[in-house]
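Enquirer: Below are the sequence and a predicted model for it; my questions follow.
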Amino acid sequence: MIPTAQAFGIDIGGSGIKGAPVDLINGKFATERTRIPTPEESTPEAVAVIIKQLLDHYDVEDGTPIGITFPAPVKPGKPLDFIANLDQSWIGIDISFMISQFVGRRVFVLNDADAAGLAEAQYGAAAQHDGLVLVTTLGTGIGSALIVNGQLVPNTELGHLILKGKDAEKYASSAARVRDGLTWKKWGKRLTKYYRLLEHYFNPDLFVIGGGVSKHSDKFFPYIDIDTPIVSAGLHNDAGIIGAAYYANQCMKKEH
Ligand code: BGC
């Protein structure tokens, strides 16, 4: 039984698919989350099977808002035209429609970093923050969410800015740190280049850094040498699930 102040959030990532019921009043998981590894072949069908498993596992009631994050730009009602870190067979698919059909209930899909941005603006490090807040998530890729006076500007894909001749996420993501065996200091130097580029083009008032690695911000923040204030995400890696649940609830409210 899911109380009315709850919605369900699912976060589709490059390595895991995670879900939990979310208490929308305080922006926290209502019960513990469940994580299922992302299938090696992360095709639409393989991922949809896991989403169904998560909904069944929590016995999510009909009528509960269900939000899902996706690691690519998501334009409601339109087919996907770009994806970096999941199977290319997603291209051409209207994700919300496809997953809704598969699981037999309505779901609302949005970009993963946008979900994190919404959650941070509502419940986390960007709450009550006026001006321009740039939320970036450091994980398999780099996601971005642009928040202007509390409002999200969706689908900014700033992980794909060109840095050192390649996609910035290939050079500065958390996965790039692991792949290249970088010390926190060396990674911090790469991040300095990335955040200086963002500073130059966007002049934000605040950077919020999310993704799993944001738990260890004390290890690498000292090496990021920029002028803009920078803080760790208040909700860390939970922001995706919480933002997805919040978004689904907002979408359903607009329809009524
Ligand atoms: C994708 C973004 C996503 C980010 C983080 C990038 O490769 O293009 O849409 O937000 O990874 O998952």
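Expert: Thanks, I have it.
Enquirer: how about the residues of the stretch 151-256 of the chain near the ligand?
Expert: The stretch 151-256 of the chain comes close to the ligand at residues 157, 159, 169, as judged by C-beta under 6 Å from any ligand atom. Bear in mind the C-beta positions are built from the backbone N, C-alpha and C, glycine included.
Enquirer: Top of those residues by number of neighbours, please.
Expert: Ranked by neighbour count (other C-beta atoms under 10 Å), these have residue 169 at the top, with 27 neighbours.
Enquirer: closest to residue 124 among the residues of the stretch 151-256 of the chain next to the ligand?
Expert: Of all these, residue 124 sits closest to residue 159, with 19.9 Å by C-beta to C-beta.
Enquirer: Check for me that the closest one belongs to a helix.
Expert: Yes: Residue 159: assigned to a helix according to DSSP: H, G, I helix; E, B strand; the rest coil.
Enquirer: per-residue confidence at the residue lying closest to it once chain neighbours are set aside?
Expert: Spatial nearest neighbour of residue 159, excluding adjacent residues (C-beta to C-beta, 6 or more residues apart in numbering): residue 142 at 3.1 Å. Residue 142 carries a pLDDT value of 97.
Enquirer: repeat for residue 239
Expert: pLDDT, residue 239: 97.
Enquirer: what do you get for the one 3 residues further on?
Expert: Residue 242 carries a pLDDT value of 98.
Enquirer: ditto for the one 4 residues further on
Expert: The confidence metric pLDDT takes the value 98 at residue 246.
Enquirer: before we move on, back to that, now do the phi/psi pair for the residue nearest to residue 159.
Expert: Backbone dihedrals for residue 142, given as degrees, to the nearest 10, come out at phi -120, psi 120.
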